[in-house]
Each structure stands twice: as C-alpha cells, then as structure tokens.
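J.: just need the structure, nothing else, for what follows:
(one chain, ligands or ions: 1)
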Amino acid sequence: MDPAAPAQQIPRPPCAAPDAGDPFAATGEPVRWGVVATGRIATNVTHDIAGLEDSVLQAVSSRSQESAEAFAEEFGFASSYYDGDGQTGYQRLFDDPDVDVVYIATPHAQHHAVAKAALESGKHVLCEKAFTVNAREAAELIDLARTTHLFLMEALWTRFLPSVNRAWEIIHSGELGEIQWVQADLGFPSDHSRTHRLWDPAAGGGALLDLTVYPLTWALGALGFPACVTATAVLNDDGIDTQNGLTLTYGGGAQAQLTSSLVSAGPGQATVSGSAGWLRTGSVLHNPRELTVQPHQGEQRVETFDQAGRGYVYELRETTRCIQQGLTQSPTMPWADTLNTMRLLDGVRDQLGLRYRNDAE
Ligand SMILES: NC(=O)c1ccc[n+]([C@@H]2O[C@H](COP(=O)([O-])OP(=O)(O)OC[C@H]3O[C@@H](n4cnc5c(N)ncnc54)[C@H](OP(=O)(O)O)[C@@H]3O)[C@@H](O)[C@H]2O)c1
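T.: You can find the predicted model right below:
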C-alpha cells in the first residue's frame with residue numbers, strides 16, 4: 001500500500017446489521033482484555049467491557065503505579081502493570097500470556113508505537129480514534145496485522161450504534177432520493193490547559209484528528225470517499241488547528257461540508273439531504289438518540305433510540321465477535337476505510353500546513 005496515494009473513491013462503508021439482540025450477551029468463548037492507559041475514555045469504555053458476558057478484565061497498564069492499581073481495583077482487573085526496571089507498563093501488559101486483546105486509549109501520537117508493540121507481542125488490537133497521526137503509520141499497522149493474522153480495528157464506535165445503522169438504512173433505502181448534500185459539525189469550547197492532549201502538538205492535538213473523524217463519518221456513510229477535499233483552518237501559535245472546515249466534492253456533484261472546533265459550541269448535528277427529503281440527527285452526531293426524517297412531500301417523523309451501556313458496547317461486541325470467529329478485520333470498520341480516512345486527513349493537513357512530530361519519524 002502506498003500511503004502517499006490520494007484517497008480513492010471507494011464504495012460506501014458497509015452497514016452493520018442493526019443489533020437486534022442484547023449487545024452484552026455472549027457470542028462465544030470468553031475474550032481476555034488488556035486496557036492500555038487509565039484516562040477518560042479508558043474509564044468509559046472499561047465500564048462497557050465489564051458488562052460483556054464473554055469478557056474477562058485481565059490486565060490494565062499505566063505509566064504510573066498509582067493509576068494502574070486504582071484502575072485495577074475499581075474494575076476488578078486480575079493484573080496491573082506500570083513502568084519499572086526500564087520497561088514500560090504497557091510492554092509488561094503485552095508480555096502477559098493471559099491477555100488476548102488490547103484496547104489502546106492513549107493520546108493519538110502514541111497509538112502507532114503502542115499498537116505496533118501490541119501486535120508484535122501477538123495481541124489483537126482495538127485502537128482509539130484518530131487511529132494514527134498519519135497514513136504511513138496506519139498502513140504499517142495494517143500490514144503487521146495482516147502478516148501476523150491478528151485482529152486490528154479503529155475504535156470508531158459511532159459506526160456500530162443502532163441509531164447510526166438505522167440512519168444508513170434510511171439513506172440507502174432511497175427514501176431521501178439521491179443524496180446531494182451533507183452538513184455536519186462537532187465543536188465544544190475546550191477549556192483545557194495548553195498542556196492537555198487536545199492542545200499539545202506532541203500529543204497530536206487539534207480539532208482535525210480529535211473531532212473531524214465524527215462529522216466525516218456522516219459524509220462517508222452517506223456518500224463514501226470523495227473525489228476532492230478542500231480545507232481551511234485556524235492554526236494557533238503552537239501550530240495546531242483550533243477549528244477547521246472541509247468541503248468534500250463527489251464525482252456526481254454531491255458535496256459535504258464539515259466543521260470541527262475546539263473553541264466554540266455547535267449543535268453537533270449531521271444533516272443528510274437528498275432529492276426527496278432530508279434526515280437530521282439529534283445532538284450529538286457521534287451518539288445520536290434521535291433521527292428526524294422530513295420527506296420533501298410528506299409528514300415529518302422522529303425516530304428515537306435506546307442505548308445499551310455507555311454506547312461503546314456495540315464496537316466491543318463487534319471486536320469480541322470478530323476475535324471469536326477468527327476474523328482479522330471488521331466488515332463494518334474495515335482496514336481500507338481506516339487507511340483511506342488517514343489518507344484523506346493527510347491530504348487535508350498538506351493543504352493546511354499542519355505537521356506533527358510523528359510525520360518526521
Ligand atoms: N471514542 C470516544 O468516544 C473517545 C472519547 C475521548 C477520547 N477518545 C480518544 O481516546 C484517546 C485518549 O483520549 P482521552 O480523552 O482518554 O485522553 P486522556 O484522558 O488524556 O487519557 C490519555 C491517557 O493516555 C496515557 N498516556 C500515555 N502517554 C501519554 C502522554 N504523553 N500524555 C498524556 N497521556 C498519556 C495516560 O494514561 P496512563 O498515565 O495511565 O498511562 C493518560 O491518562 C485519544 O486518542 C482520543 O481521540 C475517544
């Protein structure tokens with residue numbers, strides 16, 4: 001694979017079948033989880049791992065002993081690992097023969113190195129978004145998973161939600177006619193300090209890598225990968241984008257306009273518009289509980305959705321099911337989509353002059 005190649009126009013992301021059953025219910029033999037890092041998302045996702053009938057909370061790792069032990073005690077992990085003897089706690093976890101799959105919840109800039117070490121140690125990997133900082137890193141991980149026959153997936157939980165799958169179903173049913181236009185935004189005024197990962201260039205900070213993957217999910221789900229992307233952004237003195245706007249243009253004339261911001265609050269909604277009507281998500285678009293459908297000529301309707309756990313259980317069920325069935329990639333979040341997303345983001349960053357330390361490595 002050539003990571004320098006432009007994003008290709010490929011078919012729309014496949015739709016997972018809406019989950020009819022209880023996503024916490026077992027689908028096979030128990031899978032033993034190792035969780036890497038003890039931050040905000042690690043905590044939220046671990047709540048849902050703990051609820052899976054066929055999961056075992058085997059090990060957690062942290063850079064600090066205090067965090068590792070506190071996290072292990074809170075959730076009941078069998079083992080906890082932290083840095084010592086010149087070895088990272090993360091590697092200690094990868095060396096644990098009782099761990100089957102590793103969930104990676106470090107900042108983006110560490111994803112490649114941590115996932116690479118996990119795969120090289122024989123572990124399946126579920127890695128947070130943004131999957132990596134650039135397409136070169138993504139391609140390397142995918143090649144590694146392919147040659148080691150291990151499961152690897154970007155933790156883009158939105159794709160697995162019942163509400164999002166229902167939206168794809170409506171969009172592709174033809175009810176809205178030919179889709180011509182998508183508009184999606186995600187923004188919040190981040191009051192974190194400049195040392196927080198969102199603002200730290202060394203951590204892969206900025207709106208693009210952290211937020212844009214969600215508005216982009218709606219463009220990809222409705223229209224697929226575009227023929228062309230034009231981007232604008234505001235870069236701060238540290239060189240990260242505080243907000244950005246992307247226009248995606250498609251061969252058939254359709255367009256998507258996507259906005260992401262770390263400095264302003266937005267409605268956080270996606271609108272998908274076609275020749276026969278439109279669909280709008282409730283707020284927020286990465287976890288919508290409501291879909292409004294307005295046929296061009298006809299009655300508006302609102303569909304509402306329950307959510308199991310904290311919403312991460314659906315991607316966790318998919319990870320578990322794939323591992324149990326010996327799959328190396330998920331048909332709902334295939335490697336090609338992850339790689340093409342990173343290529344698209346690389347192309348955007350080239351336009352913006354947005355560079356990270358990882359690009360030089
Ligand atoms: N799917 C979602 O809904 C969602 C939501 C939020 C974030 N995310 C993604 O998850 C990742 C982590 O985000 P987060 O909000 O959980 O971040 P966070 O609260 O800052 O936690 C990140 C953790 O990574 C570890 N870490 C390793 N190297 C680090 C470094 N150089 N600087 C800071 N922390 C480091 C730390 O854990 P230890 O000290 O224990 O090693 C830290 O607690 C990001 O890639 C983000 O995009 C996904």
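
J.: how does the chain divide up, domain by domain?
T.: 31-158, 162-306+346-360 (automatic domain parsing).

J.: got the end-to-end distance for the last one?
T.: Counting by CA to CA, to the nearest Å, you get 40 Å between the two ends of domain 162-306+346-360.

J.: tell me how far it lies from the chain's centre.
T.: 13 Å (CA atoms, centre = their mean, to the nearest Å).

J.: close to the ligand, is the helix or strand containing Phe71?
T.: Using DSSP states H and E, Phe71 maps to helix 65-75. Yes: using CB under 6 Å from any ligand atom, a contact is recorded between helix 65-75 and the ligand, made by Ser67. Glycine gets a C-beta too; all of them are placed from N, C-alpha and C.

J.: those residues of the protein touching the ligand, which are they?
T.: So far as CB under 6 Å from any ligand atom goes, the chain lies against the ligand at 37-42, 62-64, 67, 105-108, 110, 128-129, 155, 157, 197, 203, 210.

J.: report the buried residues of stretch 43-50.
T.: Using 16 or more other CB atoms under 10 Å as the test for burial, stretch 43-50 gives Thr43, Val45, Thr46, Asp48, Ile49, Ala50.

J.: picking up where we left off before, filter the residues of the chain next to the ligand to the buried ones?
T.: Counted by 16+ other CB under 10 Å, these give 37-38, 41-42, 62, 67, 105-108, 110, 128-129, 155, 157, 197, 203, 210 as buried.

J.: related to what we said a few turns ago, which residues touch the helix holding Phe71?
T.: 35, 38, 42-43, 46-47, 50, 57, 59-62, 77, 79-82, 84, 89 (CB atoms under 8 Å, 6 or more residues apart in numbering).

J.: now it: buried residues?
T.: Ser67, Ala68, Glu69, Phe71, Ala72, Phe75.

J.: distance to Thr147 and pLDDT added to those, as a markdown table?
T.: Shown next, in a markdown table, are those (distance: CB to CB, whole Å; pLDDT from 0 to 100):
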| residue | distance to Thr147 | pLDDT |
| --- | --- | --- |
| Ser67 | 33 | 97 |
| Ala68 | 31 | 97 |
| Glu69 | 36 | 98 |
| Phe71 | 32 | 98 |
| Ala72 | 33 | 98 |
| Phe75 | 33 | 98 |
